[in-house]
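**Q** dropping the sequence and predicted coords here.
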2 protein chains.
Amino acid sequence: MSLQKYQALITSIECGSITKAAEVLGYTQSGVSRMIQELEKEWNLSLIERSKSGVFLTSDGFKLFDQMKRICNEQLILSQYIDDLNDCQSGLLRIGVFSSVATHWLPNIMKRYKNDFPNIQIELLLGDYTEIEEWILEGRVDFGFLRLPANQKFETLSIEPNDRLMVILPQNHPLVDCEKFPMQKLEEYPFILLEKGVNAEISRLFEQNKIHPQINFKTWDDYAIMSMVENGLGISILPELILSRIPYQIVAKELDTPYYRNIGIAMRSQRNLPKAAKQFLEYLPYRKE
Amino acid sequence: MSLQKYQALITSIECGSITKAAEVLGYTQSGVSRMIQELEKEWNLSLIERSKSGVFLTSDGFKLFDQMKRICNEQLILSQYIDDLNDCQSGLLRIGVFSSVATHWLPNIMKRYKNDFPNIQIELLLGDYTEIEEWILEGRVDFGFLRLPANQKFETLSIEPNDRLMVILPQNHPLVDCEKFPMQKLEEYPFILLEKGVNAEISRLFEQNKIHPQINFKTWDDYAIMSMVENGLGISILPELILSRIPYQIVAKELDTPYYRNIGIAMRSQRNLPKAAKQFLEYLPYRKE
DNA sequence: AACATGATAAACATTCGTTATTATTATACT
DNA sequence: AGTATAATAATAACGAATGTTTATCATGTT
């Protein structure tokens, strides 16, 4: 049972000769002759009539010919798919992202990638860290963005530059002109906390520095926070990534002790990544972990 | 490249486990594992993700999965066709026939055959001896009816009983009551000669017996001859086969030296005949040549 | 007679599929 | 929590099966 045998028979019929088919297919005459015999033996049917001036189908062969051709044709299509995948002429790319990456960071990269590989279909699955982790484990996505360090099971790449946490002030805030925002001063003003799923890096920053700000609001909505800060309801801390092209009258200040949200890419195995995904990684400013 | 490998991968995905797939397919776990690896190596792609709780498709694998399934499915259909051909649940039967066989002899046999094998498609190609010979040589028909002896290239079977040549008389003919018609008497009455293509057996009968009848008409039309004889325009000789259920007021007499038209079946090779055709031969009253 | 066709036998090469084993991880049970 | 057990897949080595070739034969066509 083998497609090469089908092809041998098909070509022999189309050439009207086993010898010619052998030339076309790059076998010897003997090889093609035997392939067809093997089919006939295996199926207990006589498929072709032989003569000294060539070969042609028997009635039984005729009945099966189209189906054999169909199978070979489907195989040809499969081979084409494979070739396309190998040179990224086709492919599916499933990426797990969280909001800020999807909104502020990826679009630019996707644009460049799409330009070079227009036939790759990209699916962004938007979720929080926990969901993205699950998706990677389950194979729902090829890779995902996570906060590093991530689950030991994953291979990870660190995105550069890391995402600085910035203090957000209204434009009329007393410290608006300071060089860097002193950590301790965070306790002195009403604070609006970004809290999104298990994304607790800001709370941890407080713990590590033993700071206890006056937390007036908690929300998961970046833009709500910026709006609230603009309106003088308090100050906040947001990852720099979120702050690109902000439509709000607010000021972002570095902390005196800089703090980073380390964003990375995680996957089960970089080696097993589809070609399209490997290619995509080339467009990211990452460094090996 | 092999369908079994596709099936190994498909079943592994459907079972979610290489081990289970191996059980289902009757391979060892090791075998299935290697088959999939061989596909991946051959295509330079990673098709599945392995884990300790089973396997699932990568994006690339996902892209190819349906096409692999399609191919396996087409193969299944082909196998079904083959099985059907082998037990005559399906098939094509192309028979070369000449008029009298098609009209007077085959229908009865075809009816019994069709009854037993209703799914075999029968094509009758009507022609004269020369055409039928060509069709057999070209493989246009599986076998054909010919006058024996036939071309040396053919394998032949003789139909029994042979087709007696009968003298046809009008009902008021002087010799209507004789036991057998004396050969010499043929010269004494106007004669209507059946001459159809190269079908010259009656002329040859005359030559062999050195008889020179008064040939008034020649025609290839059996029924015209019967009609002419009925109307007293002469006498004739026709093969007995044509005379079954004649709608004419005529009398058929055996010759005093009986003469036969030996009808037979000819084919390139009895061994290479499609199953359906071999089966059909069983319905014919033939004897080996 | 020369050429072209397909079949066959024997030798060689490759692939297939197994057994036995290793490695890893999930699960069950103290 | 730690340990034993079971389940998963990968790997190496090997023999069997299959695939393919070379060389040759047999037969018919030109």
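**A** Structure's in. What do you need?
**Q** just the strands in the stretch 1-150 of chain A please.
**A** Secondary structure of the stretch 1-150 of chain A (DSSP state E, counting those that start in this stretch): strands located at A:48-51, A:54-57, A:91-97, A:120-126, A:143-147.
**Q** which strands and helices lie in contact with the next helix or strand after the last one?
**A** I take that to be strand A:143-147. Counting by DSSP states H and E, the next helix or strand C-terminal to strand A:143-147 is strand A:155-159. Using 3 or more CB pairs under 8 Å, 6 or more residues apart in numbering or on different chains; DSSP states H and E, the elements in contact with strand A:155-159 are strand A:263-267, strand A:286-288. Heads up, the C-betas are built off the backbone N, CA and C, glycines and all.
**Q** near DNA strand D, which residues of the stretch 151-289 of chain A are found?
**A** With the criterion set to CB under 7 Å from any atom of the strand, the stretch 151-289 of chain A never comes near DNA strand D.
**Q** so where do the strands sit in the stretch 151-289 of chain A?
**A** Counting by DSSP E, counting those that start in this stretch, the strands of the stretch 151-289 of chain A are A:155-159, A:163-170, A:190-194, A:214-219, A:235-239, A:250-254, A:260-261, A:263-267, A:286-288.
**Q** and A:Glu49, what does it touch?
**A** A:55-58, B:139, B:268-269, B:272 (CB atoms under 8 Å, 6 or more residues apart in numbering or on different chains).
**Q** what sits against A:Ile211?
**A** Applying CB under 8 Å, 6+ apart to A:Ile211 gives the contacts A:183-184, A:186-187, A:205.
**Q** the strands of the stretch 151-289 of chain A: lowest mean pLDDT?
**A** The stretch with the lowest mean pLDDT among the strands of the stretch 151-289 of chain A is strand A:286-288, at a mean of 69.
**Q** just give me the neighbour total for the residue in the stretch 151-289 of chain A that DNA strand C sits nearest to.
**A** Nearest to DNA strand C in the stretch 151-289 of chain A, going by CB to the nearest atom of the strand, is A:Lys153, at a distance of 7.0 Å. A count of nearby residues for A:Lys153, using other CB atoms under 10 Å in any protein chain shown, gives 12.
**Q** quick one: closest of the strands of the stretch 151-289 of chain A to A:Thr130.
**A** strand A:263-267 (12.6 Å; CB to CB).
**Q** tell me the strands beside that closest one, with direction?
**A** Partner strands for strand A:263-267, per DSSP bridges, with pairing direction: strand A:143-147 (antiparallel), strand A:155-159 (antiparallel).
**Q** can you put those strands in TSV and add mean neighbour count?
**A** Formatted as TSV, the strands paired with strand A:263-267 follow (neighbours: other CB atoms under 10 Å in any protein chain shown):
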stretch	mean neighbour count
strand A:143-147	25
strand A:155-159	19
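**Q** the helices in the stretch 1-150 of chain A, which residues?
**A** Remark: helices assigned in the stretch 1-150 of chain A by DSSP state H, counting those that start in this stretch are A:3-15, A:18-25, A:29-43, A:59-86, A:99-100, A:106-116, A:129-138.
**Q** tabulate those helices in a markdown table, adding columns for mean neighbour count.
**A** Shown next, in a markdown table, are these (neighbours: other CB under 10 Å):
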| stretch | mean neighbour count |
| --- | --- |
| helix A:3-15 | 21 |
| helix A:18-25 | 19 |
| helix A:29-43 | 17 |
| helix A:59-86 | 18 |
| helix A:99-100 | 20 |
| helix A:106-116 | 13 |
| helix A:129-138 | 18 |
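**Q** now those in JSON lines, with mean pLDDT?
**A** Compiled in JSON lines, the helices of the stretch 1-150 of chain A are given as follows (pLDDT from 0 to 100):
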{"stretch": "helix A:3-15", "mean pLDDT": "92"}
{"stretch": "helix A:18-25", "mean pLDDT": "91"}
{"stretch": "helix A:29-43", "mean pLDDT": "92"}
{"stretch": "helix A:59-86", "mean pLDDT": "91"}
{"stretch": "helix A:99-100", "mean pLDDT": "82"}
{"stretch": "helix A:106-116", "mean pLDDT": "93"}
{"stretch": "helix A:129-138", "mean pLDDT": "85"}
